[in-house]
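Q: make a model of this:
(2 chains)
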Protein chains: 2
Amino acid sequence: MSYQRRNVAHLAPYTPGEQPDSEHVIKLNTNENPYPPANEVLEAISSVNGDMLRRYPQPTAEAFRQTAAKVHELSPDMIISTNGGDELLRLAITVFCEPRTGDHTRGGLAISQPTYSLFTTLGQIHDTPVTQIPLGDDWSLAKDFSDIVRHNDCRLAILVNPHAPTGCLRSLSQLEAIARQLQEHAVLLVDEAYVDFAAHDAISLLRKNNSLDNVLLLRTLSKGYSLAGLRFGYGLGHPSLIEALTKARDSYANDVISQVTAIAALEHRDQAVKTWQAVKKERSRLTMKLTERGFDVVPSESNFLLCQPAKSGPTAKTIYESLKKQGIFVRYFDQSRLCDRLRITVGQPAETDALLLAIDAM
Amino acid sequence: MSYQRRNVAHLAPYTPGEQPDSEHVIKLNTNENPYPPANEVLEAISSVNGDMLRRYPQPTAEAFRQTAAKVHELSPDMIISTNGGDELLRLAITVFCEPRTGDHTRGGLAISQPTYSLFTTLGQIHDTPVTQIPLGDDWSLAKDFSDIVRHNDCRLAILVNPHAPTGCLRSLSQLEAIARQLQEHAVLLVDEAYVDFAAHDAISLLRKNNSLDNVLLLRTLSKGYSLAGLRFGYGLGHPSLIEALTKARDSYANDVISQVTAIAALEHRDQAVKTWQAVKKERSRLTMKLTERGFDVVPSESNFLLCQPAKSGPTAKTIYESLKKQGIFVRYFDQSRLCDRLRITVGQPAETDALLLAIDAM
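A: Next comes the predicted model:
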């Protein structure tokens, strides 16, 4: 006997990138920061004592909200902390999108295609209709993106910026135009998971005089702050959106250790900034080296590159498998428009060198 | 403009017990263990290094599942780890209960009344019908509990055992009878958050030859293991239930620090057992002392007491407020059947003494 709902039974669950046990691999497959977090972050973890652990944490991570408010020059009521950015995505779908009712397929979620595949999975778990809007040949957003969202009566649109898995950065004016077109209709969630490596973010859309009450930005400490292991994300947006999301949030989403760690990470942001600079420098070098080898590389504003191997050489899949055998993990997506490409995380210079050496030996 | 769904807009969010900032209060309001976790648990936290934090954690906490399997004498595929027990509750509702569709009010959640108020909140967030089945005058389960669940076509029934907020323990035979009556119809989730302080648990229902494929047990490290700050819970159940819940789980629900900490907690369970013995001893003393003062105390198998002050003295609400002014926090529920009672967490002996002194001075 199966007790699960039909939509869950039919669900193909999200497949995270491989997390090999060994520390002796070169891991360029899940976009982690190649440099460790600041020492002050580790010290914050060591400061946790038995009495802090024994008690429930502050439910809404108020101290973190205060710190993040200072860093982003927003008010604390515009910030919600979550168990990784993924929890913010789930919350937004839960709060804004309607589950399917019979043949009624309105009130759903809109995303671009391709994009982070978890969006579709979360939509299916909530059993809300998911509208996939294809990107152009140059990975640009469809010109009628907002029209489609409105026509399908979607209540939430998610755009990753810089985009994954291409690394393209949408302009602020394009995001603002979409948000304005969606006002009174839908929330625009800009997933800024990779924004620390980009030329600009979209925070100005939330500042005064913009009056955009339908923009929500997702941030995470996983990439920029070298804390993928910590599961700490947060949302920035209009107080009315934050209040709604907070009502649906698990009562104590962030444990006490992650709260003090996240505060330390933001307070010592200057240490993280140095890693962003190093990654951007290495991104230029890796782009150049791959291009020299005949790869077609999408110009990236993120900490990864989407690239298409030279037609004359081995296929993307062959390269992926061969590298894996040598202990070098990159990401291969067996899906339309991506199956002839690889997504390679920007690592430390020595990791780039090892990767190039392996490619040259093929 | 409000973008949230109607059920979220109408939601009265769950109110956690007060978490006062000061460490100089006597906190007997949220059922925390009065003793700190084992030293080995703190050592596990200190062992976390930058490279562990930089990378994503193992998505499904396999090492924890192995450890928990050994402790509970079950197989790892019968275990799911979650971000606090609360996440397991949300997952179960998401996976087994149907959202409302028009006037259709079937496929919902069944709970007893009174019970942990988060159940109703989570039901409302999922917009599933919630059937509340009143307990008897002696807090016993309704004799026709299963009949009502089946009649209302509920897909999930949640019972807390030992029950909160009374501390009553249901017998294994009663739970087994309910589970058997619900087979082919609904999942029975037994919330064993407080089971470490009770005379028995319900794990035998999951062992071989019972063939109960619809029983799910909730466990948490918050109470018994003095780790409310950590947010680590887990579920035990038939592999088919665990598999379904895992599909709907956030991709990396448990961070790397909480994974190593939870493993250390289970591996040093003997340290926790000592705190359970101390709490049970103090529970007897507090029960006796309150009874001597004319309180009507429900015999408790948990780490808290539900008690009704003597009719001749100050009301429960007056006592609650007076204690709070003196820095002693107990729990008062302003709701039917509970508003003339207090729920008092069993603390250390000195905390009991301070509480009794304050009550005697009223």
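Q: what about the closest residue to A:His24 other than its chain neighbours, distance to chain B?
A: Spatial nearest neighbour of A:His24, chain neighbours left out: A:Gly327 (6.7 Å); criterion: C-beta to C-beta, 6 or more residues apart in numbering or on different chains. Where you see a C-beta, it was placed from the backbone N, CA and C, and this is true even at glycine. A:Gly327 sits 15 Å away from chain B, going by C-beta to the nearest C-beta, to the nearest Å.
Q: ditto for A:Gly347
A: Noted for A:Gly347: a distance of 11 Å to chain B, by C-beta to the nearest C-beta.
Q: so for stretch A:316-324, mean pLDDT?
A: Average pLDDT, stretch A:316-324: 97.
Q: could you list the residues of the stretch 201-350 of chain A in contact with chain B?
A: Within reach of chain B by C-beta under 8 Å from any C-beta of the partner chain, the stretch 201-350 of chain A has these residues: A:213-214, A:222, A:226-232, A:240-241, A:244, A:246-248, A:250-258.
Q: report the buried members of the residues you listed.
A: The neighbour count (16 or more other C-beta atoms under 10 Å in any protein chain shown) marks A:213-214, A:222, A:226-232, A:241, A:244, A:246-248, A:250-258 as buried among these.
Q: wait, does the strand or helix carrying A:Ile80 contact chain B?
A: Per DSSP states H and E, A:Ile80 falls inside strand A:79-82. No: Strand A:79-82 stays clear of chain B (C-beta under 8 Å from any C-beta), getting no nearer than 9.5 Å.
Q: re earlier: in helices only, show me the residues of the stretch 201-350 of chain A next to chain B.
A: A:240-241, A:244, A:246-248, A:256-258 (DSSP state H).
Q: now flag whichever of these is closest to A:Gly136.
A: Distance to A:Gly136 across these (C-beta to C-beta) is lowest for A:Leu241, with 29.5 Å.
Q: residue ranges for the strands of chain A, please.
A: Remark: strands assigned in chain A by DSSP state E are A:26-28, A:79-82, A:109-113, A:130-134, A:156-160, A:187-191, A:215-220, A:233-237, A:296-297, A:304-308, A:328-330, A:342-345.
Q: mind putting those strands into CSV with distance to B:Arg207?
A: What follows is these, written out as CSV (distance: least, C-beta to C-beta, whole Å):
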stretch, distance to B:Arg207
strand A:26-28, 40
strand A:79-82, 37
strand A:109-113, 42
strand A:130-134, 41
strand A:156-160, 44
strand A:187-191, 44
strand A:215-220, 41
strand A:233-237, 39
strand A:296-297, 56
strand A:304-308, 47
strand A:328-330, 40
strand A:342-345, 45
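Q: one step back: ok, of the ones in helices among the residues of the stretch 201-350 of chain A next to chain B, which one's closest to A:Leu11?
A: A:Ala248 (20.7 Å).
Q: quick one: that closest one from B:Ile125, how far?
A: According to C-beta to C-beta, to the nearest Å, A:Ala248 stands 5 Å off from B:Ile125.
Q: overlap of the contact sets of those two?
A: Common neighbours of A:Ala248 and B:Ile125, counting by C-beta atoms under 8 Å, 6 or more residues apart in numbering or on different chains, are A:94, B:8, B:11.
Q: who wins on neighbours among those residues?
A: A:Thr94 (25 neighbours; other C-beta atoms under 10 Å in any protein chain shown).
Q: which non-adjacent residue is nearest it?
A: Leaving out its chain neighbours, A:Thr94 is closest to A:Ala248 (C-beta to C-beta, 6+ apart), at 5.3 Å.
Q: burial count for A:Ser312?
A: 6.
Q: so it touches A:Met362, yeah?
A: No: contact criterion C-beta atoms under 8 Å: A:Ser312 and A:Met362 do not qualify, at 11.9 Å.
Q: overlap in contacts, those two.
A: Counting by C-beta under 8 Å, 6+ apart, nothing touches both A:Ser312 and A:Met362.
Q: these two touch, right, A:Ile79 and A:Gly235?
A: Yes: under the criterion of C-beta under 8 Å, A:Ile79 makes contact with A:Gly235 at 7.1 Å.
Q: so what sits against both of those two?
A: Common contacts of A:Ile79 and A:Gly235 (C-beta under 8 Å, 6+ apart): A:Ile242.
Q: show me what contacts A:Ser75?
A: A:69, A:239.
Q: follow-up on the earlier one: I'd like the strands of chain A written out as JSON lines, with mean neighbour count and mean pLDDT added.
A: Shown next, in JSON lines, are those (neighbours: other C-beta atoms under 10 Å in any protein chain shown; pLDDT from 0 to 100):
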{"stretch": "strand A:26-28", "mean neighbour count": "24", "mean pLDDT": "96"}
{"stretch": "strand A:79-82", "mean neighbour count": "26", "mean pLDDT": "98"}
{"stretch": "strand A:109-113", "mean neighbour count": "24", "mean pLDDT": "97"}
{"stretch": "strand A:130-134", "mean neighbour count": "17", "mean pLDDT": "97"}
{"stretch": "strand A:156-160", "mean neighbour count": "25", "mean pLDDT": "98"}
{"stretch": "strand A:187-191", "mean neighbour count": "27", "mean pLDDT": "98"}
{"stretch": "strand A:215-220", "mean neighbour count": "26", "mean pLDDT": "98"}
{"stretch": "strand A:233-237", "mean neighbour count": "26", "mean pLDDT": "98"}
{"stretch": "strand A:296-297", "mean neighbour count": "17", "mean pLDDT": "98"}
{"stretch": "strand A:304-308", "mean neighbour count": "24", "mean pLDDT": "98"}
{"stretch": "strand A:328-330", "mean neighbour count": "22", "mean pLDDT": "97"}
{"stretch": "strand A:342-345", "mean neighbour count": "27", "mean pLDDT": "98"}
